[in-house]
Structure formats: C-alpha cells, structure tokens
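Undergrad: sequence below, structure please.
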Amino acid sequence: MTPKKTTSTHPNPTAKTTLFVCKSCHCSSQERPKNQPADGTILLDKLNSLCSEKLTSDEFEIKPVECLWACSQGCVVSVSSQDKPTYLFVNLP
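TA: Residues are numbered from 1 along each chain as shown. Below you'll find the predicted structure:
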C-alpha cells in the first residue's frame with residue numbers, strides 16, 4: 001500500500017505576510033540623475049515609515065529586493081504569505 005501524500009488546505013494563522021519591494025524600479029521615462037534614488041527606493045522608505053507605526057514585525061515584514069523583473073511596469077511590489085497565493089502589483093505611484 002502506497003501512503004497518500006496530504007497537504008493542508010487551511011492557512012497557517014501565524015504565518016507572516018511579506019511585502020517585497022523592488023528598489024530599482026523607476027516610473028519616469030526620463031533618466032534619473034545618479035544622485036537621485038529610484039522611485040522604488042522612495043516607495044520602500046515611505047512604506048517602512050508608515051508600517052513601523054502601525055504593524056508589528058510578528059505579522060508583517062517589508063523586504064527590499066533588487067529587481068522583481070517587471071521593469072517596464074514602474075514601481076512593483078509582491079505580497080506573499082505561507083499557504084496563500086502570491087500577488088504582484090505594478091505601476092504603483
């Protein structure tokens with residue numbers, strides 16, 4: 001008799017949600033000056049400021065990444081949590 005492989009269909013209630021933010025995204029079609037941060041870095045800084053006041057690190061974390069491979073789509077983030085779908089959001093202001 002071969003054992004059945006089982007997977008849980010119930011989300012883990014203690015799983016942390018992670019927001020991945022692309023640091024290198026730039027919305028403008030113009031070249032940015034070398035001393036100016038990319039739009040993705042500006043978005044990351046704003047999100048870190050807002051979330052540090054509202055959410056605990058036990059439930060939510062923000063992780064910067066160098067690239068989410070959606071360069072033609074402006075600012076890009078991805079939301080992920082264990083046992084749940086992962087979502088990609090593009091063209092953020």
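Undergrad: ok, residues contacting the lowest-mean-pLDDT helix or strand in the chain?
TA: In the chain, no helix or strand scores lower on mean pLDDT, DSSP states H and E than helix 39-54, which sits at a mean of 88. The contact list for helix 39-54 (CB atoms under 8 Å, 6 or more residues apart in numbering) reads 19, 21-28, 37, 60, 62, 64, 74-77, 92. For every residue, glycine as well, the C-beta is placed using N, CA and C.
Undergrad: list the buried ones in it?
TA: Using 16 or more other CB atoms under 10 Å as the test for burial, helix 39-54 gives 39, 40, 41, 42, 43, 44, 47.
Undergrad: before we move on, back to that, mind checking which of the contacts of helix 39-54 are in strands?
TA: Cross-referencing the contacts of helix 39-54 against strands under DSSP state E gives 19, 21, 22, 60, 62, 64, 75, 76, 77, 92.
Undergrad: do you know how far the last one is from residue 47?
TA: As judged by CB to CB, to the nearest Å, residue 92 and residue 47 stand 10 Å apart.
Undergrad: please, a ChimeraX command that selects the buried ones among the ones in strands among the contacts of helix 39-54?
TA: A single ChimeraX command selects the buried members of those (16+ other CB under 10 Å):
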select :19,21,22,62,64,75,76,77,92
